[in-house]
Each structure stands twice: as structure tokens, then as C-alpha cells.
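> sequence first, predicted coordinates after that:
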Amino acid sequence: MHPRREDLPPVRTIGSASSLAADADTASLAIALPSAYASAPIGLGCVDRDLRYVYINDRLAEYHGRPAAEHIGRTLREMTAPDVVDQLEQVYRHVLVTGEPVLDFELSSTDPAAKHTCIGSYTPVRDDRGAVVGVNAVVQDITHRRMYLAALEEVNKSLRERDEFLHGVGDKLPQAMLYRATNPPGGGFRFVYVSKGVEEVTGLTAECLLTDPTAFVEMIVEEDRPAILDAMAESVRTLANFDRVFRVRWPDGSVRWCHLRSAHRRLNDGSVLCEGIMLDTTALKKAQEDLTKSRLELARISRLTMLGEITASLAHELNQPLTAILSNARAARFLLGNDPVDGELAEILQEIAEASLRAGDVIRRVRTWVARDQLLPQQLDLNDVVTDVERLLHSELIIRQVCLSLSLQPGLPPVSADRIQLQQVILNLSLNGIEAMHDKPVIERHLSIATSFVEGCVQVAVRDVGTGIGQENLDRLFDPFFSTKPSGLGIGLSICSSIVSAHGGRIWAENNAGPGATLFFTLPVIGARA
Amino acid sequence: MSDRTICVIDDDAAVLKGLSRLLRAWGFCVQAFPSAQQFLQQLTDDDSHIGCLLIDVYMPGMSGVELRALLDRTQHRFPIIFLTGVGGDTLRRRAMADGAVCVLEKPFDDVELRHAVEEALLLRSSG
């Protein structure tokens, strides 16, 4: 759209243009310039001393939301959005009065008809004598640029926030390091980011890892290294997640466990980006090992006590007939007297007796060997032993879906006992209780262990809500080889009984008023007479 | 040789019979009881005919140790020989501390038995 020529001001009144025209072909410029001004992508306008428009191009008119022609002869006040007109008039008047230009003046209007943010430069128009006769305006609409900038600022802000979050998390996680590493297509590998936890997890500085990736590789304990490097290469190749636990050697020589998990993705340049977390799991590993060790130890002691119990019972069962055989043989020999006719009979009886004695010796030797003094008595708080057992029972309770509650009387006087053997007793009683609730609905399965101080003894009560104990079985419950379970060996409770007796204590069972039974044992406290 | 009776108390029938037979062969008067309760049932205030007791330590119902403790609370005082199928120094020490003549670990030979019984009867006569 081209404005009509008669709307245009005379070329010479536009200061800057007239100096240009001096060096160029004035005639062609006189034709070209007005049309160029009219269609310029920048607002151009000119007012006289009364602030009436003498010229305006289409773009500036557009900012005002009115056609260019309407402006001519009308005042600034009439044509400009009411919310900015006062400021704008001030600028124009300043230029008229002082003759100084006002450059890069920014103005925002919220007027619905002309909602713009513009930046304008206002320069004086002078006549031949140099007097200011009007104001020339060059105005650029920067509304969109503003919007882009605002949007960009939003994006920046959210990026900054995300970055702060990532760094915050990465740098504050205990015993953990977040990292990002790149694997270029040609091979090689290097870290591009490691969080602050790096020193806590690797003992190396961030700088060391970032500049020298081999430091990381060399840190992996040699025996673990080939497998880990293979798995890492595999992850880079297949983009599968990496998830391994391995050992690292710290610069100080100590060996620690770590758990590394990472995700991989291929970038456009063919490199594989690997982002993940490395955790120091030494403490966890140690706790697991301790638990396994104490389980193994308990199982070992359990086997030993069971062997001892079986041997003791077997010895008892065998010694009875041996005693009868021996007594009978001796009685027969005595009755035979010194009759020489029955010399061979006497010899037979002597050999029966000797064989019986030899059998008795064998049994005694086995007994002595198995029942080697296993007791390691120490001062113990029974509450601690119950807590040990709670830990040992942890997985069993989950598998059997039983809820355990402890009720420990604080400040129990100490007992002198073998810790592992007492763990064995409480564990056996608990397992027995858990077993008794097998047929109960999960929601009802509840086992409780309570300690108390009763009549000079420390008492432990293991209570279940299971099937209870048949009245006829209450007395035999702790006998060896007595079991109400089809698969039971009848050794568990018998072992408890042996251990408790060996510690000078007492063990018994009672049916609860409600469902189930409670198994009790007491141990004398240190200083009390057994 | 004492004319007093030796009471043998053991829940194992074969042991009870064999021991009684041997003691009788030696010429002692013997009374055999398969349980502590049955022994107590025949016990009267006049216990002068009883020379000593041979008691099995482990018996269902009332054990030898419990019988011993029960007798301690009465006016009856007999020398006691404990018989046990499951030995061990702890038990021996405890039994001896309780005033038993001795503890015989099954299986035991005739010499030990005879020695123990004679010592017990001697104690009874002198005590």
C-alpha cells in the first residue's frame, strides 16, 4: 500500500534525508524516498509546533489503530492512545523547546485498540534559519520482541530451576554421586559432569574424574574390573540400563562397595550419553554380611545343639537296655557260681558284660565329643537378645506374614548366659509360635515377645494366637522327639529345654485364655542362686 | 550283709528287672518300683525296713531329683544312689551337693554297683 504523494511532506524538511540527497541523484530520490518511507517497516511521522501531524507513514498509523490519512492535521492527543499520550506529549514538547533529540524512548500502551510496546527516537525539524518547527518521529514496535524476550526469560527461568534442582539433589545426596558421561562413536569415554558426592563415593576429586577417566577404571578392584567394563561396554552398545554392584579401591587403599545404575541414550552425533547414580553401599553390604554371618552362626550352633540333643537322647535310650543286659549277665554269672562244668557259659556271660561295657564307652565318648563345652557365658541383657532375634526373624515374618510385637521391660537385671544359645531358644520358641499360626487368617497372625522381671528371675514369654496345645501334650512338649507336627522332628523345644536347664532356668508352656499358647522361660539373674 | 530292703525306682522295665535280679542274686532284699509315685504310695511312717534307694534321675511324671526334694520335706531320710542314662559333670555335682551317696552312670558294672550299695547301707546303719 502506497500513500498518496500529496500526503508526503516536502523532502527538504526531513533533516537526515536532505543530507543524503545532497550526495545522490536528487531527482530520482525525490520520487523514490517518499514511497520508501511510506512502506518502511518502521513507523515514521512528523508533527508541527502545535503537535499536529503533517506526515505519518502507514506503519506508525497502524500503531495508533487508525488510517494514515486521518492523522494529517489532527493533534497527537487526538490520535494517540489515552494512557500514553501525556508522556508522549512531554517528549515532543521537550524536543520542541530544547531542540535536543530524545532517543530510544520506550513506551507501552495497554489500550485495546493500540496495544503496543514501542521504542521511538524523536528529533527536531528545523527551518532554514535553524528554528525548531516540528518533531520527527522514528518508532519501532517491539511488542513481539518483548514477548519473545519474556518467553525466553520464562524458559531460562525454568531451565535454571531444573538445573538448581538437579545440582541441589546431586550435591546433597548422601553417599551418592550423580554423573553424566559421554561415549563418542570412535570409542573412549569421559565424564562431563559429576556431582559433589564424588569424593564421598570415590575418594577422588571431581577434577580428577573429569580430566582423567582412567582414574575411574583403575579404581574398580581388579577382580571385578573385566566383568564391569564388559557390562558397561554392553550397555553402551545396546543402550540397556546398567545396574551392578562392585568394589572400588580408594586412593587410601581401602576397599568399598558401590552400586552403579545408569541409563544410556544415543545422541544425533552418534555418541552415547550415559547418565546415572553411583552409591556407596559399603555400610549396607556390611549390615547384610553381618546378618548372613549371624544367621550362619545360628544355623551352625543350631545343628550342633540338635546333634547334641539327638546324641543325648540316643545315649539315654541305648544306655537303658545296656544296663539291663549288663545287670542280667552279671546276675547270671553270679548265680552260676564256680561250677567248672559251665566254664564256657561263664565265659559267654563275661563276654556279654564286657561287650555291654564297651558299647557304653562308645556312647560316652560320642557324648563327650559332641557335648564339648559350647557355653560362653557372658553378662547379658535379655532385651538385647530378644532384639537380636527380632532381626533374625525379619524375613521369616515377612514370608509367613506374621506381625511381631515386642514388649520389653526396661532395666532388666543382667543374666549370665551364652548369647547364641539364648538366641537359639527365643528363635525356636518364636518359630514354634509362627508355625502354630499357620492355619490362621493372615490378619490374625500375631506373635508377641515380652520380657519381665519376676520373683528374682528374668522371664521371657513368647505368645502366639495359634491352635494352642492339647492338654495331654503340655507336659511332654519339651521331651526329645516329641512332636505334634507331622513333619516335626521334635527337637526344637527339647533343645530349648536343654539350654534353659543348662543355664539353671525353667521352661514351660501355658494355653492362653484366648486363642493360642504362651511359652515361658526364666533365667536366674546374676547373683541369685541357681 | 544288711537285712534292710533296697528300693529300686526306674521307669525302664528291663533295667528295673535286671538290677533287681542282680541285687537279689547277691542276697539283698529288693523292692522294685516303676515310678516315684508308686514308691511313695507304699511309703509308711515306719520306714525302718528300707535300707537305701536306687533312683533313676530321668523319669516321666516325677523325676528322681524331684522325689529326692519331696523326701527332704518329710521325716524320711534314706541314703540315695542316683542312676542316670545321660551323664555329665554338672548333674553329678548337683546330685552330690544334694547329699546323694553317688551317681551311677548307666551302663555301670557290678563292682561299682555293689560298692555303692554297700556304702549306702552302711550309712543307713550308722545314721
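Nice, thanks for sending it over. Numbers count the residues shown, from 1 in each chain, chains lettered A, B, ... in the order given.

> every contact and neighbour count from this point should use C-alpha atoms.
Will do.

> give me phi/psi at residue A:209?
Phi and psi for residue A:209, reported as degrees, to the nearest 10, are phi -70, psi -40.

> now do the helix or strand hosting residue A:181, average pLDDT.
Residue A:181 belongs to strand A:176-183 when assigned by DSSP states H and E. Here strand A:176-183 scores 90 as its mean pLDDT.

> same thing with stretch A:457-468?
Here the average pLDDT along stretch A:457-468 is 93.

> of all the residues in the helix ranked longest in chain B, which ones are buried?
Using DSSP state H to define each element, chain B has its longest helix at helix B:110-126. Using 16 or more other C-alpha atoms under 10 Å in any protein chain shown as the test for burial, helix B:110-126 gives B:110, B:113, B:116-117, B:119-122, B:124.

> is that helix in proximity to chain A?
Yes - for helix B:110-126 and chain A, the contact criterion (C-alpha under 8 Å from any C-alpha of the partner chain) is met by residue B:110.

> secondary structure element for the residue nearest in space to the middle of chain B?
Central residue of chain B (C-alpha atoms, centre = their mean): residue B:54, 1.4 Å from the mean position. Element membership for residue B:54, per DSSP H and E: strand B:50-56.

> say whether chain A is contacted by the next helix or strand after that strand.
Note on strand B:50-56: by DSSP H and E, the next helix or strand toward the C-terminus is helix B:64-72. No - against chain A, helix B:64-72 shows no contacts by C-alpha under 8 Å from any C-alpha, the least distance being 13.4 Å.

> coming back round to it: just the closest of the buried residues of helix B:110-126 to chain A, please.
residue B:110 (6.7 Å; C-alpha to the nearest C-alpha).

> once you drop chain neighbours, what's closest to that closest one?
residue A:330 (6.7 Å; C-alpha to C-alpha, 6 or more residues apart in numbering or on different chains).

> interface residues of chain B facing chain A?
B:12, B:14-19, B:21-23, B:25-26, B:85-86, B:106-110.

> could you list which of these belong to strands?
Residues of the residues of chain B next to chain A located in strands (DSSP state E): none.

> okay, and which of the residues you listed map to helices?
Those of the residues of chain B next to chain A lying in helices (DSSP H): B:14-19, B:21-23, B:25, B:110.

> need the contact list for the closest residue to chain B within the stretch 351-500 of chain A.
Chain B sits closest to residue A:360 of the stretch 351-500 of chain A, with a gap of 5.9 Å, by C-alpha to the nearest C-alpha. Residue A:360 sits next to A:319, A:322, B:106-107 when contact means C-alpha atoms under 8 Å, 6 or more residues apart in numbering or on different chains.

> who does the strand holding residue A:181 pair up with?
strand A:190-194 (antiparallel), strand A:272-280 (antiparallel) (DSSP bridges).

> show residues contacting it.
For strand A:176-183, using C-alpha under 8 Å, 6+ apart, the contacting residues are A:170-171, A:189-198, A:200-201, A:236, A:271-280.

> among these, name the buried ones.
The buried subset of the contacts of strand A:176-183 - by 16+ other C-alpha under 10 Å - is A:170-171, A:189-191, A:193-198, A:201, A:236, A:271-280.

> quick check: residue A:464 touching residue A:429?
No - here residue A:464 does not reach residue A:429: they are 9.8 Å apart, not a contact under C-alpha atoms under 8 Å.

> more neighbours: these two, which one.
The residue with more neighbours, out of residue A:464 and residue A:429, is residue A:464; 28 against 24, by other C-alpha atoms under 10 Å in any protein chain shown.

> ok, residue A:236 to residue A:220 distance?
18 Å (C-alpha to C-alpha, to the nearest Å).

> could you list the low-pLDDT ranges of the chain?
Reading this off chain A. A:1-33, A:113-114, A:340-342, A:371-375, A:484-489, A:528-530 (pLDDT under 70).

> ah, no, chain B please
Looking along chain B with the criterion set at pLDDT under 70, you get B:1-2, B:87-97, B:127.

> quick one on the thing from earlier: ok, the residue nearest to the centre of chain B touching residue B:15?
No - counting by C-alpha under 8 Å, residue B:54 sits too far from residue B:15 to count as a contact (11.6 Å).

> which element is residue A:460 on?
Assigned by DSSP H and E, residue A:460 falls in strand A:457-463.

> any idea how far the following helix or strand past that strand is from the chain center?
Counting by DSSP H and E, the next helix or strand C-terminal to strand A:457-463 is helix A:492-502. Relative to the centre of its chain, helix A:492-502 is centred 44 Å away, using C-alpha atoms, centre = their mean, to the nearest Å.

> can you pull the alpha-carbon coordinates of helix A:492-502 into PDB?
C-alpha atoms of helix A:492-502 as PDB (Å, rounded to 0.1, in the frame of the first residue of the first chain):
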ATOM      1  CA  GLY A 492      13.400 -77.700  68.700                       C
ATOM      2  CA  LEU A 493      11.700 -77.300  72.000                       C
ATOM      3  CA  SER A 494      13.700 -80.100  73.500                       C
ATOM      4  CA  ILE A 495      16.900 -78.000  72.700                       C
ATOM      5  CA  CYS A 496      15.300 -75.000  74.300                       C
ATOM      6  CA  SER A 497      14.700 -77.100  77.400                       C
ATOM      7  CA  SER A 498      18.300 -78.400  77.500                       C
ATOM      8  CA  ILE A 499      19.700 -74.900  77.000                       C
ATOM      9  CA  VAL A 500      17.500 -73.300  79.600                       C
ATOM     10  CA  SER A 501      18.200 -76.100  82.100                       C
ATOM     11  CA  ALA A 502      21.900 -75.800  81.500                       C
END
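
> and residue A:444, how many neighbours does it have?
13.

> excluding chain neighbours, what is closest to it?
residue A:465 (7.7 Å).

> from residue A:156, how far off is the residue of the stretch 1-150 of chain A found nearest chain B?
Per C-alpha to the nearest C-alpha, residue A:150 is where the stretch 1-150 of chain A lies closest to chain B, at 91.2 Å. For residue A:150, the distance to residue A:156 (C-alpha to C-alpha) stands at 10 Å.

> enumerate the residues of the stretch 51-200 of chain A near chain B.
Counting by C-alpha under 8 Å from any C-alpha, the stretch 51-200 of chain A has no residue next to chain B.

> which other residues reach stretch A:252-268?
A:201, A:221, A:235-236, A:239-250, A:272-282, A:285.

> let's see 7 Å
Here stretch A:252-268 makes contact (C-alpha atoms under 7 Å, 6 or more residues apart in numbering or on different chains) with A:236, A:239-249, A:272-282.

> rewinding a little: the longest helix of chain B versus helix B:13-25: what angle between them?
70 degrees (axes from the mean of the first three to the mean of the last three C-alpha atoms, to 10 degrees).

> which neighbouring elements make contact with helix B:110-126?
Counting contacts by 3 or more C-alpha pairs under 7 Å, 6 or more residues apart in numbering or on different chains; DSSP states H and E, helix B:110-126 packs against strand B:50-56.

> thank you, goodbye.
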